[in-house]
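Student: Got a sequence here, can you build the structure:
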Amino acid sequence: MEKHSKVIQKMAQVIPFSQTGDFYFEKALQAFEEEESDKALKYLTRANKENARNPQLLTNVGVALTEQGDYQDANELFLHVIHHMDDKLGSCYYYIANSYAHLGLFEESKKYAMYYIEHFPNGDLFRSATDLLDLLSIDVDEEDEEPKNQLGDMLIIKQEQAKTTA
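Tutor: A predicted model of the protein is given here:
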């Protein structure tokens, strides 16, 4: 009987299984590839908990929020990154500009797009930023509703293009 209880005790041992932030980041990338932004956001949030001082991780959480249409919360993360973590992370400036455009804050959007263009001329999102600035510079007659609708549609198209190039 004693032998049997020792075997059961050995079998009942639980081995702790903890993952690193990198594990959750990789899972988030997989979810992005499968176009499952809810899962990606969950994994990125978990990865950020494991490695809260990583500005790139916070930026990725912001991108996931943007994909869900949560532009305000995304911008809060991007602004936190550039003001408190890494003001040289150029992609944040573009993402802020993009989110502001979607929120209808066109002047703020222009300001951040111009900052990106001026300070990151070799950045991965340079072309997207110049395209966004071009769209924001379109003079729209207040009485003509069609160009406003086209501008909104073109902003959505540019955001989708930026997602695929980022």
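Student: which stretches of the chain have low pLDDT?
Tutor: Counting by pLDDT under 70, the chain contains low-confidence ranges at 1-18, 51-52, 139-166.
Student: could you show me where the helices are in it, in order?
Tutor: Ranges of helices in the chain, per DSSP state H, are 2-11, 21-33, 37-50, 55-67, 71-80, 90-102, 106-119, 126-136, 145-165.
Student: could you dump those helices to a markdown table with mean neighbour count?
Tutor: No exception for glycine: its C-beta is placed from N, CA and C like everyone else's. Listed next are the helices of the chain as a markdown table, based on neighbours: other CB atoms under 10 Å:
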| stretch | mean neighbour count |
| --- | --- |
| helix 2-11 | 8 |
| helix 21-33 | 17 |
| helix 37-50 | 19 |
| helix 55-67 | 22 |
| helix 71-80 | 19 |
| helix 90-102 | 26 |
| helix 106-119 | 18 |
| helix 126-136 | 19 |
| helix 145-165 | 13 |
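Student: What residues of stretch 81-88 count as buried?
Tutor: Neighbour-count burial for stretch 81-88, with 16 or more other CB atoms under 10 Å as criterion, is recorded at 81-82, 85.
Student: how close does the most centrally placed residue in the chain get to Tyr95?
Tutor: Computing the C-alpha centroid of the chain and ranking residues by CA atoms, centre = their mean puts Val63 first, at 1.3 Å. Here the distance between Val63 and Tyr95 works out to 7 Å (CB to CB, to the nearest Å).
Student: Now for those two: what residues contact both?
Tutor: Common neighbours of Val63 and Tyr95, using CB atoms under 8 Å, 6 or more residues apart in numbering, are Ala74.
Student: with the buried residues of stretch 81-88 in mind, which one is nearest to Tyr112?
Tutor: Comparing these against Tyr112 with CB to CB places Ile82 closest, at 9.6 Å.
Student: Setting the sequence-adjacent residues aside, check what's closest to the closest one.
Tutor: Leaving aside its chain neighbours, Ile82 sits nearest to Cys92 (5.0 Å; criterion: CB to CB, 6 or more residues apart in numbering).
Student: Surely that neighbour and His80 touch.
Tutor: No - Cys92 lies out of contact with His80 (CB atoms under 8 Å); the separation is 9.3 Å.
Student: Leaving aside the residues adjacent along the chain, what's closest to His119?
Tutor: Nearest residue to His119 in three dimensions, chain neighbours excluded: Gly90, at 6.8 Å (CB to CB, 6+ apart).
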